[in-house]
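> Next one to model:
(one chain, ligands or ions: 1)
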Amino acid sequence: MPTSTVEDYLKCILVEQQRSPGSLVTTGQISSGLGVAPGTVTAMVKTLADSGLLSYEPYSGVLLTDHGRQLAAHVLRRHRLVELFLVAVMGMDWSEVHSEAELLEHAVSDRLIERMDEMLGHPSVDPHGDPIPDIHGEVHEPVLPNLLGCPLEALVKVARVGDQSREFLMLVERRRLKPGSRLRVTSRDEAADTVELRLEGGEELSLGFRAASKILVEPHT
Ligand SMILES: [Zn+2]
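Residues are numbered from 1 along each chain as shown. As a prediction, the model looks like this:
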């Protein structure tokens, strides 16, 4: 059974691989993702490579092996199911469940996690819209446009939130832009860096380009 440190590395690398498919994950990305010193990361990736969990090319980066990817997907599955359970069943706020899930993802047994999955009705996404890997470790990552790229005036539904810092999640909640919210982008002003939105209820609001780029949407059907 891998240690929680190993699980954190694998999960971080998988998330980065999903963010930019086809490219190696650099030790710099891992070090900023996990908040640990670059030297520590280099030592650890060598250990993980020796264990057959990833392949490591010095000075360029790493890529998970099938075995490493499988383990990482299971950690991600536990993390995301725990987050959803804490929100949907225990009524916790979606902006505070990440840190709880960081601890519990290493502790919950397979039996408990499968029971949670059953109680939640085998959900496909967590409260932030992140896809939950299935029991075989398969992750379906749809490519979604953000509020800068979706067509103007089309009715869209918020599908996923790309920044899960507590501050950003609280902003999303205050502006009523959580996954499931329906809205239209009415205009974009490049010079002012603002995107104007109209929520389904008629309320209008504006977001900066940076914030808008972190809200992913899908066509409303
Ligand atoms: Zn999440």
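> Can you tell me the element V36 falls in?
V36 is part of no helix or strand, with elements assigned from DSSP states H and E.
> before we move on, what about the one 3 residues further on?
With the criterion set as DSSP H and E, the secondary-structure element containing G39 is helix 38-50.
> Against which helices or strands is that helix packed?
Applying 3 or more Cβ pairs under 8 Å, 6 or more residues apart in numbering; DSSP states H and E, one finds that helix 38-50 contacts helix 4-19, helix 27-34, strand 54-57, strand 61-64. All C-beta spots, glycine's among them, are computed from the backbone N, C-alpha and C.
> which of the ones you listed sits most buried?
strand 61-64 (a mean of 21; mean count of other Cβ atoms under 10 Å).
> mean confidence score for it?
Averaged across strand 61-64, the pLDDT comes to 96.
> cool, and stretch 79-99?
Stretch 79-99 comes out at a mean pLDDT of 95.
> swap in stretch 173-182?
95.
> Need the CA coordinates for that stretch. PDB is fine.
Output in PDB follows, covering the C-alpha atoms of stretch 173-182 (Å, rounded to 0.1, in the frame of the first residue of the first chain):
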ATOM      1  CA  GLU A 173     -20.900  30.900  -4.900                       C
ATOM      2  CA  ARG A 174     -21.600  34.600  -4.200                       C
ATOM      3  CA  ARG A 175     -22.000  35.300  -7.900                       C
ATOM      4  CA  ARG A 176     -24.200  32.200  -8.200                       C
ATOM      5  CA  LEU A 177     -22.000  30.600 -10.800                       C
ATOM      6  CA  LYS A 178     -21.800  27.100  -9.300                       C
ATOM      7  CA  PRO A 179     -22.000  24.100 -11.600                       C
ATOM      8  CA  GLY A 180     -25.500  23.700 -12.900                       C
ATOM      9  CA  SER A 181     -26.200  27.500 -13.100                       C
ATOM     10  CA  ARG A 182     -27.500  28.600 -16.400                       C
END
